[in-house]
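curious how this folds, go ahead:
(one chain, ligands or ions: 1)
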Amino acid sequence: MIVCVCKSVSDRKIRASIAEGADTFDELQFELGVATCCGKCEESVRDVMAQTGVCASRCGVEHSSYPVPVTFYHQKAA
Ligand code: FES
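This is a model prediction of the structure:
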């Protein structure tokens, strides 16, 4: 499904970029050009990020509005 009409970017392309290491909205904007024209796709891009499990603290999406539970792992001090 096309998420960004202006740049012809699909959700599959966004997921592929995330799988390759893009983990912030800014990186997706830089790599794919999403939300750099009219900007109407920003919320949809953030939705795809959240569905993919990208950390809310870096993308600005509140996970409480999504049914997918998010687990944060903390490393214990030695
Ligand atoms: S739809 Fe993505 S910038 Fe216009």
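
got a pLDDT number for C59?
pLDDT for C59: 47.

and what of A50?
Listed pLDDT for A50 reads 89.

burial of it, as a residue count?
Number of residues near A50 (other Cβ atoms under 10 Å) recorded here: 20. To be clear about C-beta, it is placed using only N, CA and C from the backbone, and glycine gets the same treatment.

hey, which helix or strand in this protein has the poorest pLDDT?
Within the chain, no helix or strand scores below helix 56-59, which has a mean of 48 by mean pLDDT, DSSP states H and E.

helices or strands up against the longest helix belonging to the chain?
For the chain, the longest helix by residue count, based on DSSP state H, is helix 42-52. With contacts taken as 3 or more Cβ pairs under 8 Å, 6 or more residues apart in numbering; DSSP states H and E, helix 42-52 sits against strand 2-4, helix 11-19, helix 25-32, helix 56-59.

ok, now with 10 Å
strand 2-4, strand 9-10, helix 11-19, helix 25-32, helix 56-59 (3 or more Cβ pairs under 10 Å, 6 or more residues apart in numbering; DSSP states H and E).

closest to the ligand out of these?
Closest approach to the ligand among the helices and strands packed on helix 42-52 is made by strand 2-4 (3.3 Å; Cβ to the nearest ligand atom).

for that closest one, which positions count as buried?
Judged by neighbour count (16 or more other Cβ atoms under 10 Å), strand 2-4 contains these buried residues: V3, C4.

same for that strand, what does it pack against?
strand 9-10, helix 11-19, helix 25-32, helix 42-52.

coming back round to it: which of the helices and strands packed on helix 42-52 is buried the deepest?
The highest mean neighbour count among these, using mean count of other Cβ atoms under 10 Å, belongs to strand 2-4: a mean of 21.
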